[in-house]
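Undergrad: Sequence and predicted structure are below.
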Amino acid sequence: MTTVQTLTFSHLLNESVKKNGQRPALAFVGEEPLTYRQLYEQIEALQAFLEKLGVKPGDRLAILSQNSPNWGVAYLAIVTMGAVVVPVLPDFSPAEVENIMTHSGARILFVSSGLRAKVDGFQSNRPEHIILTEDFSLQNPAENAAVYMPGDKPTQTYSADEEDVAAIIYTSGTTGKSKGVMLSQKNICFTALQCGTVQPIGPEDRMMSILPLSHTYENTIGFVFPLFNGASVYYLSKPPTPTILLPALKLVKPTLMLTVPLIIEKIYHNKIKPTFHKNRLTRFLYSFPPIRKKLNLLAGKKLRQTFGGALKFYGIGGAKLSETVEKFLIEARFPIAIGYGLTETAPLLAGSNPQNHRLQSTGPVLQGVTLKINEPDPVTGEGEIWAKGPNLMKGYYKEPELTEEVITPDGWFRTGDLGIFDKDGFLSIRGRKKNVIIGANGENIYPEEIESVINNFRFVTESLVIEEKGKLVALVHFNREEIEALYQSVKHEIASIEDRIEEIQKDLHKYINARLNRNSQIQKVIAHWQPFHKTATQKIKRFLYQHPEKGQA
């Protein structure tokens, strides 16, 4: 008989602390970890401090900070006392941060010292208190102001309800306007527990956290999930550049990681693929499947060592992974797993693990969740994915009309994503409904699929396919450094680097159209020399690039 869990942070965290008190919980790489017992004591001390500042259940408190153990302490102190946490993405502009503080009505802001400048220029609605996350010191305190004291205990006992709002998460998304997604205690705790049905995790596991904790993907799956199961989580004290990340991976030897496609795609295109194409002989040998598989397997062993040698789950989510890169990872026997979800579903809806992974599929539906394809195409079976389950948000904060647009009267959430199920119930995503381009013959054209082809071409870093005056246009961000290096080696044959770039654009145009059906042919390739603006999960903000002839360098 299964035990019914109380889906609140207080209950589930208390259970984990009882079981794992002396085990490591949170740490910066290379520093002494907080044990679960120490984590709990710091949470209590911070709650006592917040009580002195007048915080009550239901109050909103924001966190604008780089990842750190204290980020987690602040988050858990807020939600376990029944208040509402408002995580703010570190890359939001000062104006966006101010808008979020105003819209959410957050009384208190936790901020790390490196991001403090973003709040110094607030024109209005300054929070009542600003607390530095490094040491929980009060910034600009009044005389006789409250002080954070390690070892303090709250005066009250808090017990939030499952249906109470735990977090309001503002997403920049790809539509321009941020919306405050209200997630309940139940939404987040249910998802965190159900993650264990996709990939078991336990006290011996180590999670390396490199994505922003303010994003639901990393927050629920990379923070709450491991903590409810006694695992440890490690953070970098500096941005995850290769010189910082690679030594950290060797030190921590993580067993689990979460990333977005861009990270592993960069490794493949910049480090792995060039070794297979460095000369005509290796290119020739690599073209034979049996040899290719053996070479990929060898590359996979080196890649696993690069990630510390103990990795058993490398989760990829937030955007679509290149099919070419995915094929390599499968043949390399690298432990990839694909997940699918949205902020509005806290976030996971479907997911695979390295054992049941299938090419270009996000895996089966998460246990306890129901997905359906609404009005599927009678021929292809494709249609918009609708979701229902305990992880479905309570709605958009202060936006009932927007909430009604995405949640049907009978409780289905319209994801806006197009997908299809195979005969075994594995879900595949075709693209965003709003991104679909209707061709001249009425057929659906999925720009994400064309971009996957483009991004596999040498010299391409990333791309964006849009419709302009009825024609398909590819905006392509080329790797100029690689092109310049090639030009230096053959410049006696080519008049200028601009001529070389023009040749590459023509070659790319031919390459794309040779691999696409007639309806998806690209009419024009435009060089885009600056990186595209992206969301926290590295999805390009498409709405910014509707007029390709403007602003190109």
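TA: Nice, I can see it.
Undergrad: can you pull out the helices in the stretch 101-250 of the chain?
TA: Along the stretch 101-250 of the chain, the segments classed as helices by DSSP state H, counting those that start in this stretch run 117-120, 185-198, 216, 225-228, 242-252.
Undergrad: Tabulate the ones you listed (JSON lines), appending mean neighbour count and mean pLDDT.
TA: Every C-beta, even on glycine, is put in place using the N, C-alpha and C of the backbone. Listed next are the helices of the stretch 101-250 of the chain as JSON lines, based on neighbours: other Cβ atoms under 10 Å; pLDDT from 0 to 100:
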{"stretch": "helix 117-120", "mean neighbour count": "15", "mean pLDDT": "91"}
{"stretch": "helix 185-198", "mean neighbour count": "23", "mean pLDDT": "98"}
{"stretch": "helix 216", "mean neighbour count": "28", "mean pLDDT": "95"}
{"stretch": "helix 225-228", "mean neighbour count": "24", "mean pLDDT": "98"}
{"stretch": "helix 242-252", "mean neighbour count": "15", "mean pLDDT": "95"}
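Undergrad: Return the per-residue confidence for the nearest residue to residue 68 once chain neighbours are set aside.
TA: Distances taken as Cβ to Cβ, 6 or more residues apart in numbering put residue 235 closest to residue 68, at 5.7 Å, once the chain neighbours are dropped. pLDDT, residue 235: 98.
Undergrad: I'd guessed residue 235 sits against residue 34; true?
TA: No: using Cβ atoms under 8 Å, residue 235 is not in contact with residue 34; the gap is 11.3 Å.
Undergrad: Now for those two: what residues contact both?
TA: 26, 27, 69 (Cβ atoms under 8 Å, 6 or more residues apart in numbering).
Undergrad: Nearest to residue 393 among the residues you listed?
TA: The closest of these to residue 393 turns out to be residue 26 (Cβ to Cβ; 26.6 Å).
Undergrad: How about the contacts made by that closest one?
TA: 33, 34, 39, 69, 72, 73, 227, 232, 233, 235 are the contacts of residue 26 under Cβ under 8 Å, 6+ apart.
Undergrad: quick one: the closest residue to it other than its chain neighbours from residue 239, how far?
TA: Excluding the flanking residues, the one nearest residue 26 by Cβ to Cβ, 6+ apart is residue 69, at 3.8 Å. Going from residue 69 to residue 239 by Cβ to Cβ, to the nearest Å gives 17 Å.
Undergrad: Same drill for those two, tell me which one is more crowded.
TA: Between residue 69 and residue 239, counting by other Cβ atoms under 10 Å, residue 69 is the more crowded of the two (21 against 9).
Undergrad: rewinding a little: tell me the contacts of the residue nearest to residue 26?
TA: Neighbouring residues of residue 69 by Cβ under 8 Å, 6+ apart: 26, 27, 28, 33, 34, 39, 235.
Undergrad: I'd like to know how far it sits from residue 425.
TA: 39 Å.
Undergrad: roughly how far is the helix or strand of the chain with the lowest mean pLDDT from the heart of the chain?
TA: Ranking every helix and strand in the chain by mean pLDDT, DSSP states H and E puts helix 480-490 at the bottom, with a mean of 75. Centre-to-centre, helix 480-490 and its host chain are 33 Å apart (Cα atoms, centre = their mean, to the nearest Å).
Undergrad: repeat for stretch 345-352
TA: Remark: stretch 345-352 is offset 12 Å from the chain centroid, using Cα atoms, centre = their mean.
Undergrad: And the contacts of it?
TA: Outside stretch 345-352, the residues that reach it (Cβ under 8 Å, 6+ apart) are 183, 187-188, 190-191, 194-195, 198-199, 216-217, 220-221, 315, 317, 337-342, 358, 361-366, 369, 371, 385, 387, 389, 391-393, 413, 415, 426-427.
Undergrad: Can you tell me which of those end up in strands?
TA: 183, 315, 337-341, 363-364, 371, 385, 387, 413, 415, 426-427 (DSSP state E).
Undergrad: Out of those residues, the closest to residue 506 would be?
TA: Closest to residue 506, out of all of those and judged by Cβ to Cβ, is residue 338, at 34.6 Å.
Undergrad: roughly how far apart are that closest one and residue 102?
TA: Taking Cβ to Cβ, one finds residue 338 at 37 Å from residue 102.
Undergrad: cool, residue 242 as well?
TA: To residue 102, residue 242 is 39 Å away according to Cβ to Cβ.
Undergrad: in the stretch 451-553 of the chain, which spans are helices?
TA: Counting by DSSP H, counting those that start in this stretch, the helices of the stretch 451-553 of the chain are 480-490, 497-514.
Undergrad: Let's have those in a markdown table, adding mean neighbour count.
TA: Below are the helices of the stretch 451-553 of the chain laid out as a markdown table (neighbours: other Cβ atoms under 10 Å):
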| stretch | mean neighbour count |
| --- | --- |
| helix 480-490 | 13 |
| helix 497-514 | 15 |
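Undergrad: Can you lay out those helices as CSV showing distance to residue 79?
TA: Rendered in CSV, the data for the helices of the stretch 451-553 of the chain read as follows (distance: least, Cβ to Cβ, whole Å):
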stretch, distance to residue 79
helix 480-490, 45
helix 497-514, 48
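Undergrad: That'll do, ta.
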